[in-house]
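Participant: Test case, fold it:
(one chain, ligands or ions: 1)
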Amino acid sequence: MSEKAGHGIRRSATRLDSYVDRYAARTKGMTASEIRALFSVASRPEVVSLAGGMPNISGLPLDVVGGAINDLVRTNGPVAMQYGSGQGDPRLREQICDVMRLEGIEAHPDDVVVTVGSQQAVDLVTRIFCDPGDVVICEAPSYVGALGVFRAYQCDVVHAAMDEHGLVPDALRDAIAAVRAAGKTIKFLYTIPNYHNPAGVSMAAERRPEILEICREADILVLEDNPYGLLGFDDEPYRALRADEAEGVIYLGSFSKTFAPGFRVGWALAPHAVREKLVLAQESATLCPPSFSQMAVSAYLSEHDWQGQVKQFREMYRERRDAMIESLEDLMPAATRWNVPDGGFYVWLTLPDGLDAKAMLPRAVTARVAYVPGTAFFADGFGAQSMRLSYCYPTADRIREGVRRLVGVIEEELEL
Ligand code: PMP
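Facilitator: Reported below is the predicted structural model:
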C-alpha cells in the first residue's frame, strides 16, 4: 500500500527507502559492505575482532605530532587553513617522491596528485576511465573498498585467480581473452601486489615482469594499489610494478598505514596526460585535498624519523602475525588452510569443505569473535568457504583468544 505524502514523494508502508525510484541507476550499485554491517557488533568490547583492518597507531609519538601541528598553526596557519592546489601541496608531492623511491620508483612531483586517502584515488581513476559496462580485472579475492567503487561506476568486475605467489599470469591471460571474446572493453587491471588485502600474499618478484608484459601486450593499464608496501616483515620492500613501467601503470600510495589514516592523505602517480585528468576530477570532487592534513603529514615526515616509526610498526605487526599463525597451527582442525603473510595485516583462511563462513558468522559473534566472510571480497558471490582474519589491531593475547573462540565455533559446525 502506498500513499502520496508531502511534496509528492511516495511513501510506502513496505519500503524502507521512499526515494528509491528517484536514484540514478548507478546508486543501485551502492550497498553497504559486509564489513560495515559488522562494525557495530565487532566493536563491542567483549568481542575479539579479527574483522577490521584498522592500523594500530597507538605507538605514534603524539607529542611529536602535536608539536608539529602546533608549529604549523603558528608559523603557517593562514596557508594551512586556506584552499590549496587541486593537485596537492608541492612540498608534500616532493616528499611523496622520496617515499616512492624506497620501492624503486623514480618520479617527478608534477606527476603526483594528492588524494583523500588512496580510496579517493581509486574513485578518481575509475571516474576518468570507466563507462558503465566497462570491465575491470581484479584479483580473486580483491579489496572490498575498490569493488565498491567499481560497482558504483557500474563497471563489470572479472576476477583472475591468485596463488601463494600472487596473481597467476595464466589466469590473467585467460580473463583478458574471455572478456575480449565476449566483446567487452577492459579498462584496467586493479592489483594489490604487496601484502594483499584480503589474501595476505605478495606477487613474487619473478612474476612481476610477466604480469607487466601481459598487460603491455594486451594494451591494458595497470592500477597498482600499494598502501602496505613498506610494511613487509623482511628487509627490503618489493620493487613496485611502476618502477619498471612508467607509461602503463598508475600507482596509488597512502600514509594511512605508515602514519595515520585520520589525516586522509594518499596519492596517485600517473602518466602526465592521465595526471591532468585526475586533477580535473579532483577539483570537481573536492576543489582541493585538505591543506591542513597535507601540511601536517609533510611536517611529520620532515621533522620525525618516520622510517624508524614504520620499522616499529612492522615489528609490532610481525609479532601479531606470529601470534595468529602460531595459534592457527596449534588449534585449527585439519583441512583448514591459511597462508603465512610476509607483511601487511591479513591472513586468508579457508574452512574445511562443507562449511560456510558467511552462514557461520552469527554463531561466531555469539561466541564473541568476528571476522569478514570471504564473499565480501568477490563481485560474484564466491568466497563463502573462506574468511579474512586481521591481526593488525588486537594485541597478541587477544588474537590467541580470538583464534581459540573461532576454533570452538568451527569444531561445533563440523559436528553438526
Ligand atoms: N587500498 C587497499 C588495498 C586498502 O586496504 C585500503 C584501506 N584499507 C585502501 C586502499 C584505502 O586506504 P586509504 O584511503 O586510507 O589510503
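Participant: distance of residue 293 from the ligand?
Facilitator: Distance check for residue 293 against the ligand: by C-beta to the nearest ligand atom, to the nearest Å, it reads 12 Å. Using the backbone N, CA and C atoms, a C-beta is placed for each residue, glycine as well.
Participant: How about that residue: what's its closest non-neighbour residue?
Facilitator: Nearest residue to residue 293, sequence neighbours excluded (C-beta to C-beta, 6 or more residues apart in numbering): residue 263, at 4.3 Å.
Participant: The one you found is in contact with residue 255, isn't it?
Facilitator: Yes: contact criterion C-beta atoms under 8 Å: residue 263 and residue 255 qualify, at 6.4 Å.
Participant: And those two? Which one has more around it.
Facilitator: Using other C-beta atoms under 10 Å, the more surrounded residue of residue 263 and residue 255 is residue 255, with 25 against 19.
Participant: Return the set of buried residues in stretch 131-146.
Facilitator: 134-146 (16 or more other C-beta atoms under 10 Å).
Participant: what's the first-to-last distance across that stretch?
Facilitator: One end of stretch 131-146 to the other measures 16 Å (C-alpha to C-alpha, to the nearest Å).
Participant: From the buried residues of stretch 131-146, pick the one nearest the ligand.
Facilitator: The shortest approach to the ligand among these belongs to residue 143, at 3.9 Å (C-beta to the nearest ligand atom).
Participant: residue contacts, the closest one?
Facilitator: 192, 197, 198, 225, 377 (C-beta atoms under 8 Å, 6 or more residues apart in numbering).
Participant: backbone phi and psi for it, please?
Facilitator: Residue 143 has phi and psi values of phi -60, psi 130 when expressed as degrees, to the nearest 10.
Participant: just residue 250 next, same as before
Facilitator: Torsion angles, degrees, to the nearest 10, at residue 250: phi -110, psi 120.
Participant: if we can go back for a sec, filter the contacts of residue 143 down to the ones close to the ligand.
Facilitator: 192, 197, 225 (C-beta under 6 Å from any ligand atom).
Participant: Skip the chain neighbours and tell me the closest residue to the residue of the stretch 301-416 of the chain found nearest the ligand.
Facilitator: For the stretch 301-416 of the chain, the residue closest to the ligand is residue 345, as judged by C-beta to the nearest ligand atom, at 7.9 Å. Nearest non-adjacent residue to residue 345, counting by C-beta to C-beta, 6+ apart: residue 392, 3.9 Å away.
Participant: What is the burial count for residue 395?
Facilitator: Neighbours around residue 395, by other C-beta under 10 Å: 15.
Participant: And residue 271, by the same measure?
Facilitator: 14.
Participant: hang on, it packs against residue 111?
Facilitator: Yes: counting by C-beta under 8 Å, residue 271 touches residue 111, with 7.3 Å between them.
Participant: so residue 41 sits right up against residue 368, yeah?
Facilitator: No: the pair residue 41 / residue 368 is not scored as a contact, 9.7 Å apart, by C-beta under 8 Å.
Participant: Mutual contacts of the two, please.
Facilitator: The contact sets of residue 41 and residue 368 overlap at residue 47 (C-beta under 8 Å, 6+ apart).
Participant: Alpha carbons only: can I get stretch 334-346 in PDB?
Facilitator: Once non-C-alpha atoms are left out, stretch 334-346 reads as follows in PDB (Å, rounded to 0.1, in the frame of the first residue of the first chain):
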ATOM      1  CA  ALA A 334      42.700 -30.500   9.900                       C
ATOM      2  CA  ALA A 335      41.600 -29.500   6.500                       C
ATOM      3  CA  THR A 336      41.600 -25.800   7.400                       C
ATOM      4  CA  ARG A 337      44.100 -23.900   5.200                       C
ATOM      5  CA  TRP A 338      45.700 -20.500   5.500                       C
ATOM      6  CA  ASN A 339      48.600 -18.500   4.200                       C
ATOM      7  CA  VAL A 340      51.500 -17.000   6.200                       C
ATOM      8  CA  PRO A 341      51.800 -13.400   5.100                       C
ATOM      9  CA  ASP A 342      55.200 -11.700   4.800                       C
ATOM     10  CA  GLY A 343      53.800  -8.300   5.600                       C
ATOM     11  CA  GLY A 344      50.600  -6.300   6.000                       C
ATOM     12  CA  PHE A 345      47.600  -7.100   8.100                       C
ATOM     13  CA  TYR A 346      45.800 -10.100   6.800                       C
END
